[in-house]
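Asker: Quick one: sequence plus predicted model below, questions after.
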Amino acid sequence: MTTDRTQLIQQSLTRLIQNDPQHTFIDRFYSSFTGHNPQIGNLFNNTDWQHQREKFMLALTMIIESERPETYLQKLGKDHLRLYGVTPDMADDFKAALLTTLAASPGIRWTDELQVAWSDATDEILGVMFEV
């Protein structure tokens with residue numbers, strides 16, 4: 001991903017965090033992600049949502065701020081496959097939920113350029129996580 005796109009994503013994430021200090025966007029994301037596919041929803045039946053919010057925010061921050069997140073992403077992908085039952089075919093649902101949630105989040109001025117940046121980044125992230 002280009003430096004310009006990385007900066008766009010980092011700036012939008014910073015604005016999101018500043019305008020949503022309780023990280024309610026994570027709740028909206030999971031509501032969208034789990035709501036459209038019962039198979040995905042079932043993976044979260046016994047979830048401690050406070051802990052899940054913290055893990056999601058940590059992962060997002062590490063991925064966005066790291067210059068070389070590949071090793072972290074590979075481990076994250078293996079853990080999701082092995083521990084949680086996540087499968088690569090769920091990636092499209094994840095991406096759709098993430099982009100929809102970000103586009104509607106406070107503080108983010110969603111533009112076509114930002115949409116492309118987040119879309120490309122999400123494709124790259126999921127590609128590394130679930131490469132077999």
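Answerer: Nice, thanks for sending it over.
Asker: So for this structure, the centremost residue is which one?
Answerer: Residue closest to the average C-alpha location in the chain (CA atoms, centre = their mean): Leu98, at 5.7 Å.
Asker: didn't that residue look like it was pressed against Thr122?
Answerer: Yes - with contact defined as CB atoms under 8 Å, Leu98 and Thr122 form a contacting pair (6.1 Å). Backbone N, C-alpha and C define where each C-beta goes, glycine included.
Asker: who's in contact with the residue nearest to the centre of the chain?
Answerer: Counting by CB atoms under 8 Å, 6 or more residues apart in numbering, Leu98 touches Phe29, Phe33, Trp118, Thr122.
Asker: Just read off the phi/psi values of it.
Answerer: Phi and psi for Leu98, reported as degrees, to the nearest 10, are phi -60, psi -50.
Asker: swap in the one 4 residues further on?
Answerer: Backbone torsions for Leu102, taken as degrees, to the nearest 10, come to phi -60, psi -40.
Asker: From what I see, it and Leu8 are in contact.
Answerer: No - between Leu102 and Leu8 there is no contact under CB under 8 Å: 11.7 Å.
Asker: residue ranges with poor pLDDT in the protein?
Answerer: Within the chain, the ranges that satisfy pLDDT under 70 run 1-2, 132.
Asker: secondary structure element for the nearest residue to Ala103 once chain neighbours are set aside?
Answerer: The shortest distance from Ala103 to any non-neighbouring residue, by CB to CB, 6 or more residues apart in numbering, is to Trp110 (4.4 Å). In this assignment (DSSP states H and E), Trp110 forms part of neither any helix nor any strand.
Asker: Next, count neighbours for Asp112.
Answerer: Residues near Asp112, counting by other CB atoms under 10 Å, number 7.
Asker: If you could redo that for Lys78, that was the one I meant.
Answerer: 12.
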